[in-house]
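[1] one predicted model, sequence on top.
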Amino acid sequence: MSQSIQPQPGIMDIALYEPGAAHVPGRGEALKLSSNENPFGPSPKARDAVIRAAHVMHRYPPTDHASLRRAIGEVHGLDPDRIICGVGSDEIIHFLCQAYAGPGTEVLFTEHGFLMYPISAMAAGATPVRVRERARTTDIDALIEGATAATRLVFVANPNNPTGTMVPLSELERLARAVPQAIIAIDAAYAEYAGGDYDGGAALATELPNVVMLRTFSKIYGLGGLRVGWGYGPREVIDVLNRIRGPFNLSGPALDGALAAVMDREHVDRSRAENARMRSWLADALAERGVPSDPSWANFVLARFDDEPAAAACDEALRADGIIVRRVAGYGLPECLRITVGDEASCRRVAHVIGRFMTDRAAGSGTERPA
Ligand code: PMP
């Protein structure tokens, strides 16, 4: 290609996003616990809706997503006119950066935050600014201190990925009020797993002019492959984002599948309850085997090892057993492994292999354990 044809400045500095691995070479069926997927899959009603929609694939889908927005609005008690749907919440992150950030502006995100924030910021020509966390938890004071007149967007995943930790909504409100020059994007991809009365920031986004909430169908709804997410915020912001949204960004099957999924509350409740049960079981089982983790509010546990070689060796041991978890060195956590909470059998299998790894390691280091 001609030397004179070059992408926009900064594009070639973007590190490619690395998804969780899906296969272990040489092994047929691996147990994939690397992408925070729902082990129970989607609602059967969503599956049926997608199959039905396949019969009309020759038709263009609606551009306004009215039925899906109405259903989301009903379930969450939100005004559908303030909702925008995207190809995963990834696309809403992208819209926000495209619309509000650009050369000479800054996009803030937290030390161990989701890597799509800097990727989308750089794609828009903006400067991504990483702000330190405190003990793997969002530090609101640090974000307030880190913000400048050039700050246009602040992304906070709450609960965060890959740490699983979260901060109270009162802290996010404090941030939004202290940084009025920027949009605070509360990324609530894992909100349903947090339990209690956590609304993902919906009430804040209703009330404040600079708060947007991001949600996804990829996690508790088990529809990562369908690619549907949504955002909710001030009418003016949603209007701006709609102007850069492709008119047919969501396919007919995606719209119909997500609609059926959001209506099936039983599937959501069951997935939440099972996750809560096995999340605490897994965290306890790992702790008993000498592997600590922070209390997680999501559908994964961030297992902490002594150092990077120990995490790498444990990852190898898991792979040798056909289990794939997520190395998170790219998130500044080289001594950790992020493990999705699977079904009960999967959790038991993971705990067993990690227990064996820790015992072998202790034996190797000369520690003596009673038989
Ligand atoms: N935000 C966070 C914090 C995530 O972990 C993810 C998925 N890894 C996303 C957003 C994007 O999800 P999706 O595009 O599938 O909706």
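    Everything's here; your move. Residues are numbered from 1 along each chain as shown.

[2] wait, isn't residue 199 in contact with residue 191?
    Yes. Using CB atoms under 8 Å, residue 199 is in contact with residue 191, at 7.5 Å. (Each C-beta comes from the backbone N, C-alpha and C, glycine too.)

[3] of those two, who's got more company?
    The residue with more neighbours, out of residue 199 and residue 191, is residue 191; 25 against 19, by other CB atoms under 10 Å.

[4] what's near enough to touch the residue lying closest to the more buried one once chain neighbours are set aside?
    Among residues not flanking residue 191 along the chain, residue 200 sits closest, at 3.5 Å (CB to CB, 6 or more residues apart in numbering). By CB atoms under 8 Å, 6 or more residues apart in numbering, residue 200 lies in contact with 158, 186, 188, 191, 213, 215.

[5] nearest to residue 88, out of the residues you listed: which one, please.
    Comparing the contacts of residue 200 against residue 88 with CB to CB places residue 215 closest, at 10.5 Å.

[6] tell me which residues form a beta bridge with that closest one?
    residue 230 (DSSP bridges).

[7] quick one, what contacts it?
    89, 188-189, 191, 200, 229-232.

[8] how many residues are close by residue 82?
    21.

[9] re the thing from before, need the contacts of residue 215 in a markdown table (columns: pLDDT).
    Converted to a markdown table, the contacts of residue 215 look like this (pLDDT from 0 to 100):
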| residue | pLDDT |
| --- | --- |
| 89 | 98 |
| 188 | 98 |
| 189 | 98 |
| 191 | 98 |
| 200 | 98 |
| 229 | 98 |
| 230 | 98 |
| 231 | 98 |
| 232 | 98 |
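
[10] near the ligand, from the residues you listed?
    89, 189, 229 (CB under 6 Å from any ligand atom).

[11] could I get those residues as JSON lines with distance to residue 54?
    What follows is those, written out as JSON lines (distance: CB to CB, whole Å):
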{"residue": "89", "distance to residue 54": "25"}
{"residue": "189", "distance to residue 54": "27"}
{"residue": "229", "distance to residue 54": "22"}
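
[12] got a markdown table for those residues, with neighbour count too?
    As requested, these are exported to a markdown table (neighbours: other CB atoms under 10 Å):
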| residue | neighbour count |
| --- | --- |
| 89 | 28 |
| 189 | 27 |
| 229 | 25 |
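
[13] low-confidence ranges in this structure?
    1-2, 365-371 (pLDDT under 70).

[14] could you list the buried residues of the lengthiest helix in it?
    Taking DSSP state H as the criterion, the chain has its longest helix at helix 265-288. By neighbour count with 16 or more other CB atoms under 10 Å, helix 265-288 contains the buried residues 267-268, 271-272, 274-276, 278-279, 282-283, 285-286.

[15] ok, stretch 131-147 next?
    For stretch 131-147, by 16+ other CB under 10 Å, it's 131, 133, 136-140, 142-144, 146-147.

[16] now stretch 206-219
    So stretch 206-219, judged by 16+ other CB under 10 Å, has buried residues 206, 208, 210-219.

[17] give me the subset of the residues you listed touching the ligand.
    Okay, of the buried residues of stretch 206-219 touching the ligand (CB under 6 Å from any ligand atom), that's 216, 218.

[18] now secondary structure too, for the buried residues of stretch 206-219, in TSV please.
    Converted to TSV, those look like this (DSSP: H, G, I helix; E, B strand; the rest coil):
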residue	secondary structure
206	helix
208	coil
210	coil
211	strand
212	strand
213	strand
214	strand
215	strand
216	strand
217	coil
218	coil
219	coil
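
[19] can you pull the residues of the stretch 201-350 of the chain lying near the ligand?
    216, 218, 224, 229.

[20] one more time with 5 Å
    216, 218, 229 (CB under 5 Å from any ligand atom).

[21] what's near enough to touch whichever residue of the chain sits closest to the ligand?
    Residue nearest to the ligand within the chain: residue 88 (2.4 Å; CB to the nearest ligand atom). Contacts for residue 88 were tallied using CB under 8 Å, 6+ apart; they are 216, 218, 227-229.

[22] how about a cut-off of 6 Å?
    227, 229 (CB atoms under 6 Å, 6 or more residues apart in numbering).

[23] now it: phi and psi?
    Note on residue 88: its backbone torsions stand at phi 70, psi 170 [degrees, to the nearest 10].

[24] and what of residue 23?
    phi -130, psi 150.

[25] how about it, what does it touch?
    Counting by CB under 6 Å, 6+ apart, residue 23 has contacts residue 30.

[26] just residue 87 next, same as before
    Residue 87 neighbours (CB under 6 Å, 6+ apart): 227, 249.

[27] go again with 7 Å.
    227, 249-250 (CB atoms under 7 Å, 6 or more residues apart in numbering).

[28] related to what we said a few turns ago, with respect to residue 10, which of the contacts of residue 200 is nearest?
    residue 186 (26.0 Å).

[29] so that closest one is in which element?
    strand 183-187 (DSSP states H and E).

[30] any idea where the strands of the stretch 251-371 of the chain begin and end?
    For the stretch 251-371 of the chain, applying DSSP state E, counting those that start in this stretch gives strands covering 300-304, 323-324, 326-328, 333-340.
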